[in-house]
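**Student:** Sequence first, then the predicted structure:
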Amino acid sequence: MKKHILIFAFVLLNAFCAFSANKMRFYLSGKLHGFYVDSKEGLNVRSEPSLSAKKIATLLDSDYVIPVEIGEKATIDGTEDYWVKILLYPEHRKDKKKDEYGWVFGAYLDDAFPSFYADELKKQIKQRGFNHFPDFCDDEETNYMIYDEDDERSKWAAVYSQNSVGSWRDKYPYYNRALPNYFATRATSNVFNYFATNETSNVFALTVREAFFLDTDTDGKSVENPRYHTIKVLPPFTRVGLLGVCGWGIELKTKTLYPIYSALVNNRAGKIRGIDIANIYDSSHAFISEEKGLNFVYQTAYTNVRTDENGGVGFYKEEFEKVLSDKKTYDLAFLNGTIEISAMCFKDKDKKCYCLSPKDLAQKNGFLRILCPKNLATANPPAILEQIAVGDFNEKTRTINQSTTLYSLKTSGDEAKAKEICTYSITTSDNSRKAPKGIANHFFVSSSEHYADALYVYEYQTDESGKVTKNETRIFEDKDYDNTFRFVKKCVGEPKPERPAGEPDFYVNPICRLKMRAEPNLDALVFGTLDAGTLLKIVDVDDNNWVVIDGIKGKWLKVEAVNDEHFVEGGEVGTGWVFGGYVM
């Protein structure tokens, strides 16, 4: 008798354990937690826990759902599982301001995020404009650490990890490079924002590719009253306001560590990945007309940023947060040349966006900006990319090398390529005595000599004794007006103006460094020095008389900067007078 009782109890225990194991998978720490739809065909939501009940919505594969109740067990298509009551998406409710619910069959729910590549996920999101996700979740390409919004101590969200709090979900401590914390680089010197003049307390960014944005702007969210977040795809060049760092990610393919930011996009609060954005100062615009222009944005990464690793567990947020929040990290990276361009995006005059490969560039690092020389003869001014790269500082000789590379940007179909035109460089020093000195510049003109658009490159260099080692001008021409500049000749000395310029509404640029003044005379107040190649628009001409300066005949021209330009001494270029003998 006792034997039968024991057998019966054992059977009951097994049945209970099986029941508990199956049902308990919907719980985490005693509470219901979110699940993902695991069905390529989608999943129907019904008004009641029955196949005969009314279908009120259809979920897509990988959709995230929030269970609120576990119902009765059922068998459907030979599979036994529980009906699950879920919170409906706002778009599936009759009254979007009120919570409404539906039922799904639990066999098609999985607590693991579906395996996706970024392009696949973007394609799926574009089908309806968004997907519902709880947060950025590990996929085939990325590993994340996310702060728990409801944890006042800002630990890592335990729901994403079975490892110790503060480590990666998957044990992945290795990375080759890191993207900066833009709240730390904000405090650095302007060497990081080469074309910027003022520091700002606000931090803004631009998307450098199609970017994931997790919209968390939901009313009434709490642990007891959860709400759905939506993940959307933002187009390149979307402006983003950054509010703070709320997590970290590692892109597995490139082994790139990056911050995840709390952000505002179009007045919506959410999160954005650092791998998808660039500092707004690392962008530029070239004017074509009031309606059209060229835009360029690029992202930089740091290759020497390392933290201590903790055995096989991974490494902790405090370690790399300390390093990537330290201004010294970025100062040293700049001085040591351990910065590289990691992503680039170009928007043409028709507002079509192209991602370019950093492999097209002659230098791994530097400052990039887009140019559109409107003073050329062609009706469609070319897209020119300028890269200024600063070499390592030589403490012994107190010298530094700076190179400038110019590229033609050409597009074909959905692809864009940066084709190198030329590179020029100088070596200079902060030592005023017995040190090499150099100056170099470039400018574009419409050449009357060969009926072609032309690029002039001037280089002047001395050695430490003051001896001139280079003083020459190279000329490149685009005879077919197809943005293909080819070398044609080399001349000794500085370039000479071919003809005086002086018509209102014409576009010109200085052929050398040129003073901008408050009035059309040499005694007038100097606003600053324009660099060669600065694109200017003539707004007025002093027609009183021709003047001769340094043996060159010309008129005084009132000009304004076409794009955001800065004087050699610093400060923004506005409107002023220049001598027309030195512009073309």
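**Tutor:** Received it, and whenever you're ready, just let me know what you need. Computed from a prediction, not measured in an experiment: that's the story for all the values here. Numbering: from 1, shown residues only.

**Student:** how does this structure divide into domains?
**Tutor:** By the assignment in automatic domain parsing, the chain contains the domains 24-110, 373-495, 507-582.

**Student:** First-to-last residue distance for the last one?
**Tutor:** Domain 507-582 has its terminal residues 13 Å apart, counting by C-alpha to C-alpha, to the nearest Å.

**Student:** what about the helix or strand encompassing Ala343, distance to the chain center?
**Tutor:** Taking DSSP states H and E as the criterion, the element that holds Ala343 is strand 339-347. Strand 339-347 has its average C-alpha position 8 Å from the chain's average C-alpha position, going by C-alpha atoms, centre = their mean, to the nearest Å.

**Student:** now stretch 569-584
**Tutor:** Averaging C-alpha positions (C-alpha atoms, centre = their mean) puts stretch 569-584 32 Å from its chain's average.

**Student:** Check which residues of it are buried.
**Tutor:** For stretch 569-584, the buried set under the neighbour-count rule, 16 or more other C-beta atoms under 10 Å, comprises 573, 576-584. Just so you know, the C-beta spots here come from the backbone N, C-alpha and C atoms, and that holds for glycine as well.

**Student:** follow-up on the earlier one: elements contacting the strand holding Ala343?
**Tutor:** In terms of contact count using 3 or more C-beta pairs under 8 Å, 6 or more residues apart in numbering; DSSP states H and E, strand 339-347 is assigned the packing partners strand 293-302, strand 353-356, strand 367-371.

**Student:** export those strands to TSV and tack on mean pLDDT?
**Tutor:** Written out in TSV, the entries for these read as follows (pLDDT from 0 to 100):
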stretch	mean pLDDT
strand 293-302	94
strand 353-356	95
strand 367-371	95
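
**Student:** can you give me the end-to-end distance of stretch 544-554?
**Tutor:** Length of stretch 544-554, first residue to last, C-alpha to C-alpha: 12 Å.

**Student:** I'd like the numbering to begin with 24 instead of 1 from here.
**Tutor:** Understood, numbering begins at 24; the last thing we discussed is stretch 567-577.

**Student:** List the contacts of that stretch.
**Tutor:** With C-beta atoms under 8 Å, 6 or more residues apart in numbering as the contact definition, stretch 567-577 has outside contacts at 520, 523-525, 545, 578-579, 602-605.

**Student:** could you redo the last one with a cut-off of 10 Å?
**Tutor:** Defining contact as C-beta atoms under 10 Å, 6 or more residues apart in numbering, one finds that stretch 567-577 is touched by 519-520, 522-525, 543-545, 578-579, 601-606.

**Student:** List the buried residues of that stretch.
**Tutor:** By 16+ other C-beta under 10 Å, the buried positions in stretch 567-577 come out as 570, 577.

**Student:** and it, average pLDDT?
**Tutor:** The average pLDDT for stretch 567-577 rounds to 86.

**Student:** Include mean neighbour count and distance to Asp349 when you put the helices and strands packed on strand 362-370 into JSON lines, please.
**Tutor:** Formatted as JSON lines, the helices and strands packed on strand 362-370 follow (neighbours: other C-beta atoms under 10 Å; distance: least, C-beta to C-beta, whole Å):
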{"stretch": "strand 316-325", "mean neighbour count": "24", "distance to Asp349": "12"}
{"stretch": "strand 376-379", "mean neighbour count": "19", "distance to Asp349": "31"}
{"stretch": "strand 390-394", "mean neighbour count": "22", "distance to Asp349": "22"}
